[in-house]
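Novice: structure, please.
(one chain, ligands or ions: 1)
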Amino acid sequence: MPVELESLLMESRVFDSPQAFREHATIRDANIWKESDREFEDFWARWATELSWFRKWDRVLDWKAPNARWFVGGRLNASVNCLDRHLTTPRRTKAALIWEGEPGERRTLTYWDLYRQVLRFANALKALGVKRQDRVAIYLPMVPELVVAMLACARIGAVHSVVFAGFSAEALKDRIQDSSACLLITADASYRRGRLIPLKRFADEAVAQCPSIRRVVVFKRSGMEIEFSAKRDLWWHELMRETACECPPEEMDAEDTLYILYTSGTTGKPKGIVHTTGGYLTGVTATTQWVFDLKENDVYWCTADIGWVTGHSYVVYGPLACGATVVMYEGAPDWPDRGRFWKMVEEHGVSVFYTAPTAIRSFMKWGAEWPERHDLSSLRLLGTVGEPINPEAWVWYYKAIGREQCPIVDTWWQTETGMIMITPLPGITRMKPGSVTRPFPGIRAELLNVKGERVEEGGGYLAITRPWPAMLRSIYGDHDRYVKEYWSKWKGDIYFPGDGAKRDRDGDFWILGRVDDVLNVAGHRIGTMEVESALVDHPRVAEAAVVTRPHDVKGEAIVAFVTLKEGGEHNDHLSGEIREHVAKKIGAFARPEEVIFSHDLPKTRSGKIMRRLLRDIAAGKVLGDTTTLADPVVVAELKERYEAQYGA
Ligand code: WT7
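Specialist: Residues are numbered from 1 along each chain as shown. Take a look at the predicted model:
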């Protein structure tokens, strides 16, 4: 269940964008929705024209549902659009990346610096035999080299598959195997709350089971001692020393794959979401400019890790294509203390700040005294993404961080959509705490019921009823699953994102959360099945069911119901061991908050686990109808166990 659903549904406050902001906003004319809706292909074509193309497209869109081709026949290169084309302008010496390491060191790369690094690394990749459309896996912390590696892949037409550095060795292995990547780029270690996380060790573990990987490039982040295979491994800095700084870009088809990014679905197997080049760059450029009201002298900071789609679209491709100055931070928000983010906002003069509700709820819990110690007057726009934001957190963000001077853009989108889809336009939209308001111009979103009928007001399933340029094109290696999961709920030309939503009287959207077996914990998407498979992988576990309960910081917290194999004794130690097992299999962010043991799980007579009941137990709610249960006693027992362990 999403955060504080009830209070969200009763929320009636509205906030106009501050007058001073509106006066200078890029988009001030509300006719933009009507105009873009009427001729949406022209609308997107105008955005595409802002990019730099080797060859112009012949047709804007080929749409044979559910397969879209955007800017058909056009040829371009993403790295040229993020780098080369800025070099003939004053942006040449503008800061592209302002980076802070967790321990406190700083590096600033101008567009020219970044360009040179990308070209050299692109040559290194070529020398290692990486070819057009080969897959390159990247498992790096938040360091500038991560951006360099991605753009270098783009330069030579290779497909990057970035794996969040918080994922386990096993999760990395699965993703490399699925994409059959030929090369892995990693680091010796990464910093987290002052500790070193041994990334290279995880990478070694993964690569041992990945025959497709020929070479491993290692960036030296910390100097931590690592095992180094003389045959397979190469140091980043040594490669860079030897390569030339000249590398003509590959001319890519608009529909060539730019990257694959794995996300969770309803089965245990992650989906490699495929994004292409022309439409994707068009979509992220348009949204970066209009949603963030980007100006030439903005200092833009999206706090997301590049390992997730938010980082791909709104740390790397969107802002760099727009020539922005991007702040990038390596570590935790509470290191060395809870004022780190606000110290950075002050010292770098951040003007646009984009983060997740889970972070905002942490800040709120830590107290306004932390931001109060810093001068945040450089901020002019705030954003949020990843999960529903409860109105209390929204208002706190507005006051304590925005000083009631900054509009907040609550942006709804997904790994699959590639770009922001439903959002306020900060110069026009009347904001409502908890509402993502309305579709971005050119986007058509609606609420439908099960039968596919439109819901004008009230609750329903969110649906996207027209193709959009940054849309996913497939699931890597499994086009059938693409068709089945996204385009088969209604007629074949309607996209189903998997979210439930509500529409109010004004037509504004309120996202209620996932309606499938996908969890959203602290803004991270995790499949129920993935956690359950990790649980039953533990030698003592016979059966497991996973649900979430509301959590005041993470939004949702994972509760695992577990049945042990014959003769199993359960205790706190075992519970800890099982939680660790999940962290090891998937990553620490998927570690269950609680483990409840039971001799059986509540099932229907046909044997289906009744998750709704488990959810009620985990949320401490009164139990609903249990008459269809195979064994109603199980539920009573579980509830008792839960209350004994964790209180009602
Ligand atoms: C799911 C997508 C898109 C970047 C981060 C997550 C939820 C996303 C919002 C929002 C309410 C939101 C949805 C969506 N979600 N943004 N502003 N309000 N819910 O990407 O991992 O692909 O997850 O996140 O449930 O389906 P993702």
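Novice: hmm, L234 is touching V216, no?
Specialist: Yes - using CB atoms under 8 Å, L234 is in contact with V216, at 7.2 Å. C-beta: built from backbone N, CA, C; applies to glycine.
Novice: and those two? which has more neighbours close in?
Specialist: Taking other CB atoms under 10 Å, L234 and V216 do not tie; V216 has more neighbours (22 against 19).
Novice: quick check on that one: phi, psi?
Specialist: phi -120, psi 120 (degrees, to the nearest 10).
Novice: quick one: residues contacting it.
Specialist: With contact set as CB atoms under 8 Å, 6 or more residues apart in numbering, V216 has these partners: 183-186, 203, 207, 229, 232-234.
Novice: could you list the contact residues of the stretch 351-500 of the chain toward the ligand?
Specialist: Counting by CB under 6 Å from any ligand atom, the residues of the stretch 351-500 of the chain close to the ligand are 385-388, 410-415, 436, 497-499.
Novice: show me which of the contacts of V216 are buried.
Specialist: Listed as buried from the contacts of V216 are 183-186, 203, 207, 233-234; burial here means 16 or more other CB atoms under 10 Å.
Novice: among these, which ones are in helices?
Specialist: The helices, defined by DSSP state H, take in 203, 207 from the buried ones among the contacts of V216.
Novice: pick the one among the buried ones among the contacts of V216 closest to Q133.
Specialist: For the buried ones among the contacts of V216, the residue nearest Q133 by CB to CB is L183; the value is 13.3 Å.
Novice: distance of the closest one from D631?
Specialist: 53 Å (CB to CB, to the nearest Å).
Novice: swap in V291?
Specialist: 51 Å.
Novice: ok, the two, which is more surrounded?
Specialist: More neighbours surround V291 than the other of V291 and D631, with 24 against 15 (other CB under 10 Å).
Novice: state the pLDDT value of T626.
Specialist: Per-residue pLDDT puts T626 at 63.
Novice: whoops, I mixed them up, L472
Specialist: So, for L472, pLDDT stands at 98.
Novice: and it, helix, strand or coil?
Specialist: Judged by DSSP: H, G, I helix; E, B strand; the rest coil, the three-state class of L472 is coil.
Novice: ok, and the closest non-adjacent residue to it?
Specialist: E416 (4.5 Å; CB to CB, 6 or more residues apart in numbering).
Novice: for H551, same thing?
Specialist: Of all residues not flanking H551 in the chain, A557 sits nearest, at 3.7 Å (CB to CB, 6+ apart).
Novice: that neighbour pairs with what?
Specialist: R549 (DSSP bridges).
Novice: so it touches R549, yeah?
Specialist: Yes - in this structure, A557 is within contact of R549 by CB under 8 Å, at 5.9 Å.
Novice: quick one: common contacting residues for these two?
Specialist: With CB under 8 Å, 6+ apart as the test, A557 and R549 reach no residue in common.
Novice: the residue of the stretch 151-300 of the chain found nearest the ligand and A68: what is the separation?
Specialist: Nearest residue of the stretch 151-300 of the chain to the ligand (CB to the nearest ligand atom) works out as T263 at 5.2 Å. Computed as CB to CB, the T263 to A68 distance reads 19 Å.
Novice: what do L234 and V216 both touch?
Specialist: Joint contacts of L234 and V216 (CB under 8 Å, 6+ apart) do not exist.
Novice: quick check, pLDDT for G129.
Specialist: 98.
Novice: my guess is it meets V136, correct?
Specialist: No - between G129 and V136 there is no contact under CB under 8 Å: 11.3 Å.
Novice: okay, the two: which has more neighbours?
Specialist: Between G129 and V136, counting by other CB under 10 Å, V136 is the more crowded of the two (26 against 11).
Novice: which residues touch that one?
Specialist: V136 neighbours (CB under 8 Å, 6+ apart): 125, 130, 149, 153, 158-161, 181-185.
Novice: same list, those residues, but as TSV with distance to the ligand please.
Specialist: TSV is the format used below for these (distance: CB to the nearest ligand atom, whole Å):
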residue	distance to the ligand
L125	28
V130	27
A149	21
C153	21
A158	23
V159	19
H160	17
S161	16
A181	21
C182	26
L183	26
L184	23
I185	23
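Novice: what does this protein put close to the ligand?
Specialist: Residues of the chain found near the ligand, taking CB under 6 Å from any ligand atom as the criterion, are 263, 309-310, 385-388, 410-415, 436, 497-499, 511, 513-514, 520, 525.
Novice: re the thing from before, residue contacts, the residue nearest to H551?
Specialist: Applying CB under 8 Å, 6+ apart, the residues near A557 are 521, 548-551, 593-594.
Novice: could you report the separation of it from A618?
Specialist: According to CB to CB, A557 and A618 sit 9 Å apart.
Novice: try E39
Specialist: E39 is 49 Å from A618, by CB to CB.
Novice: the two: who's more crowded?
Specialist: A618 (27 against 12).
Novice: domain assignment for this structure?
Specialist: Domain assignment for the chain, taken from automatic domain parsing, gives 19-500, 518-646.
Novice: and the ones you listed, which one averages the lowest pLDDT?
Specialist: domain 518-646 (a mean of 86).
Novice: next, the distance between the ends of that domain.
Specialist: Length of domain 518-646, first residue to last, CA to CA, to the nearest Å: 24 Å.
Novice: stretch 80-99 now?
Specialist: End residues of stretch 80-99 are separated by 22 Å (CA to CA).
Novice: with stretch 85-95 instead?
Specialist: 15 Å.
Novice: for the remainder of this discussion, apply numbering that starts at 3.
Specialist: With the count now opening at 3, the last piece we talked about shows up as stretch 87-97.
Novice: show me what contacts the residue of the stretch 153-302 of the chain closest to the ligand?
Specialist: Counting by CB under 8 Å, 6+ apart, T265 has contacts 272-273, 275, 311, 416-418, 527.
Novice: same thing with W46?
Specialist: 62-63, 72, 281, 284-285, 288, 444, 471.
Novice: among the residues you listed, which are in strands?
Specialist: Of the contacts of W46, the ones assigned to strands by DSSP state E are 62-63, 72.
Novice: residue boundaries of the strands in the stretch 503-650 of the chain?
Specialist: 511-516, 520-523, 526-529, 543-553, 557-566, 596-599 (DSSP state E, counting those that start in this stretch).
Novice: in the stretch 203-352 of the chain, which residue sits closest to the ligand?
Specialist: Nearest residue of the stretch 203-352 of the chain to the ligand, counting by CB to the nearest ligand atom: T312, 4.4 Å away.
Novice: now do the contacts for the nearest residue to that residue once chain neighbours are set aside.
Specialist: Spatial nearest neighbour of T312, excluding adjacent residues (CB to CB, 6+ apart): A306 at 3.6 Å. By CB under 8 Å, 6+ apart, the residues touching A306 are 312-313, 316-317, 356-358, 387-388.
Novice: what of A191?
Specialist: Counting by CB under 8 Å, 6+ apart, A191 has contacts 198-202, 223-224, 226, 228.
Novice: which among those count as buried?
Specialist: Buried subset of these (neighbour count, 16+ other CB under 10 Å): 199-202, 223-224, 226, 228.
Novice: these in strands, which ones?
Specialist: Reading strands off the buried ones among the contacts of A191 with DSSP E, I get I199.
Novice: burial count for I430?
Specialist: With neighbours defined by other CB under 10 Å, the count for I430 comes to 18.
Novice: likewise the one 4 residues further on?
Specialist: For K434, the tally of surrounding residues (other CB under 10 Å) stands at 21.
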